[in-house]
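Colleague: Sequence and computational prediction follow.
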Amino acid sequence: MIESTVILQEIEDALKNDEFIFYYQPKVSMITGEIVGAEALIRWQKQNGKIVPPSDFIPLAESSGFISEITKAMFQKLIVDMNIFNDIEGDFTVSINASSKDFDDSTFIDHIQLAIQAKQVDPNSIEVELTESSLFGEGGIAYANFSTLVEMGISLVMDDFGTGFSSIDTLSKLPFSTVKLDQGVVSRMEHSEKNQTIVESSIRMGYQLGLNIVAEGIESEEVYLTLQNLGCTIAQGYWISPPLPLFDFLDLVRQKKRWPSTAVGLLYMAQLDHIHWRKSVIDGVFSIKNRKGGGFGFRGRPASDSKSCMLGKWYYGAGREYSDISAYIELEKPHKQLHDLGNTLIFAVESGSTKEELVEMMRDLSKLSGVIIKLLQDIENEIL
Ligand code: C2E
Ligand code: CA
Ligand code: CA
């Protein structure tokens, strides 16, 4: 075992001597193929030019509590770097990694708030990545501070998703906007079907919760394309680029390089969403008819109009990319009809229509549903 030779005094001196910098690793949109953000990763650049990775000093900084000093100082650096990023066209988001110790009191939060008030930084372009282990110890000040961050307009990312024991539970407790699939889970996907299923279900769950899904640790084109087909939307990893010093990163952005782009993964999600919607209408009908409890139960009614259901969100959002495909254009009408019919059906069952009437409507619902699935598949074939 290689013993870490770094002692706390050296870390404190390094901070005093301004030896910590950020490297930036690009994040690429799998829908557009463009760089849409970066993760800021700390590096210790020694005076002799040697670069020390975070694994050599962050654990000690965290266990000693000195991490809070580092985080505050690095936030100032981020502000300086972000002003240079301002030249980048379009939306661009930078994420930083934080430790739960940073939120044990309000000093870091106050620090961020001051910077936002002084308009030094736009909170909408910052994300904070938190790991399960850094969230240990539910409740208390840290949890309240995470919510304050979100109120300030900063987004929370659950890092290393798929490791730890209670990630899913934590997702429901904090207002995350993004989950980041752990690089271990992503890399094991290539060698095991089980891992691929875990990744697939994680993406599906994140999507249904309305979260963005980032995959990290992508080291090959094959993994990139597989994740893209499964509906993952943002990619990070050595196959795209390793973390780079600021100016190398800016050079990369200026090259306007493109990675493979397609919304086919989201199309697949749209198909599943449609099946899910149809099922929730039918479940509700059965439940009301058989008086098996509260109709649509705690999940509520299925979306009543064709713009607010998940398929509709795709159609009028990312799906627009396919607006020149005839199946896409044809889809709008039956989809609207389907929702009208769904609403009629729900009204009918609630007002006590006969079984025959309901069966007739459910048959029509299935027919329309079949038309929609076929059109979605036509779009898919057209793209492929
Ligand atoms: P992390 O947040 O999980 O960051 C991702 C790590 O994976 C980074 O290592 C990155 O360089 C590496 N990586 C990126 N793409 C690939 C890939 O395709 N394959 C493989 N095998 N690895 C890839 P790095 O920069 O050494 O950072 C390690 C950890 O140190 C980070 O893990 C994070 O937990 C922590 N860290 C980094 N910067 C900071 C910081 O500013 N503050 C705090 N508190 N922690 C930090
Ligand atoms: Ca991270
Ligand atoms: Ca990670």
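Modeller: Cool, the structure landed. Ligands and ions are numbered 1, 2, ... in the order given.

Colleague: rest of the way, CA atoms for contacts and neighbours
Modeller: Noted.

Colleague: what's in contact with stretch 230-249?
Modeller: 22-31, 41, 81, 200, 203-204, 212-221, 224, 259, 263-266, 268-269 (Cα atoms under 8 Å, 6 or more residues apart in numbering).

Colleague: Type out the PyMOL command that picks the buried ones from those.
Modeller: Listed next is the PyMOL selection for buried residues among the contacts of stretch 230-249, using 16 or more other Cα atoms under 10 Å:
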select buried, resi 22+23+24+25+26+27+28+29+30+31+41+200+203+204+212+213+214+215+216+217+218+219+224+259+263+264+265+266+268+269
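
Colleague: so which of the contacts of stretch 230-249 are also by ligand 1?
Modeller: Restricting the contacts of stretch 230-249 to those touching ligand 1 (Cα under 6 Å from any ligand atom) yields 41, 217, 218, 219.

Colleague: middle-most residue in the protein, spatially?
Modeller: residue 212 (2.3 Å; Cα atoms, centre = their mean).

Colleague: next one: phi and psi at that residue?
Modeller: phi -80, psi 150 (degrees, to the nearest 10).

Colleague: Pretty sure it sits against residue 205.
Modeller: No - in this structure, residue 212 is not within contact of residue 205 by Cα atoms under 8 Å, at 10.6 Å.

Colleague: ok, which residues in the protein are in contact with ligand 1?
Modeller: 41-42, 53-55, 97-99, 217-219, 237-238, 242-243.

Colleague: Can you go through the residues you listed and name the buried ones?
Modeller: Buried, going by 16+ other Cα under 10 Å: 41, 42, 97, 98, 99, 217, 218, 219, 237, 242, 243, out of those.

Colleague: So in terms of bridging, what pairs with the second one?
Modeller: This means residue 42. Note on residue 42: beta-bridge partners by DSSP bridges are residue 22.

Colleague: how far away is it from residue 201?
Modeller: From residue 42 across to residue 201, the span is 32 Å (Cα to Cα, to the nearest Å).

Colleague: just the fifth one next, same as before
Modeller: With the distance defined as Cα to Cα, residue 99 ends up 28 Å from residue 201.

Colleague: re earlier: keep only those of the contacts of stretch 230-249 that are in strands.
Modeller: 22-29, 41, 212-215 (DSSP state E).

Colleague: Show me which of those is closest to ligand 1.
Modeller: Looking at the ones in strands among the contacts of stretch 230-249 and their distance to ligand 1, the nearest is residue 41, at 3.8 Å (Cα to the nearest ligand atom).

Colleague: Contact partners for the closest one?
Modeller: 22, 23, 24, 25, 96, 97, 243.

Colleague: If we ignore the residues flanking it in sequence, what's nearest the last one?
Modeller: If I follow you right, that is residue 243. Sequence neighbours aside, residue 25 is the residue nearest to residue 243 in space, at 3.9 Å (criterion: Cα to Cα, 6 or more residues apart in numbering).

Colleague: The longest helix along the chain - contacts with which helices or strands?
Modeller: Determined from DSSP state H, the single longest helix within the chain is helix 355-383. Packed against helix 355-383 by the contact rule (3 or more Cα pairs under 8 Å, 6 or more residues apart in numbering; DSSP states H and E) you find helix 264-289, helix 326-350.

Colleague: export the ones next to ligand 1 among the contacts of stretch 230-249 to TSV and tack on pLDDT?
Modeller: What follows is these, written out as TSV (pLDDT from 0 to 100):
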residue	pLDDT
41	98
217	96
218	97
219	96
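
Colleague: tell me which element residue 143 is part of?
Modeller: Here residue 143 sits within helix 140-151, counting by DSSP states H and E.

Colleague: mind checking how far the helix or strand following that helix is from the chain centre?
Modeller: Once helix 140-151 ends, the next helix or strand along the chain (criterion: DSSP H and E) is strand 155-161. Mean C-alpha position of strand 155-161 versus that of the full chain (Cα atoms, centre = their mean, to the nearest Å) differs by 8 Å.

Colleague: what angle sits between strand 155-161 and helix 140-151?
Modeller: If you take axes from the mean of the first three to the mean of the last three Cα atoms, to 10 degrees, strand 155-161 sits at 120 degrees to helix 140-151.
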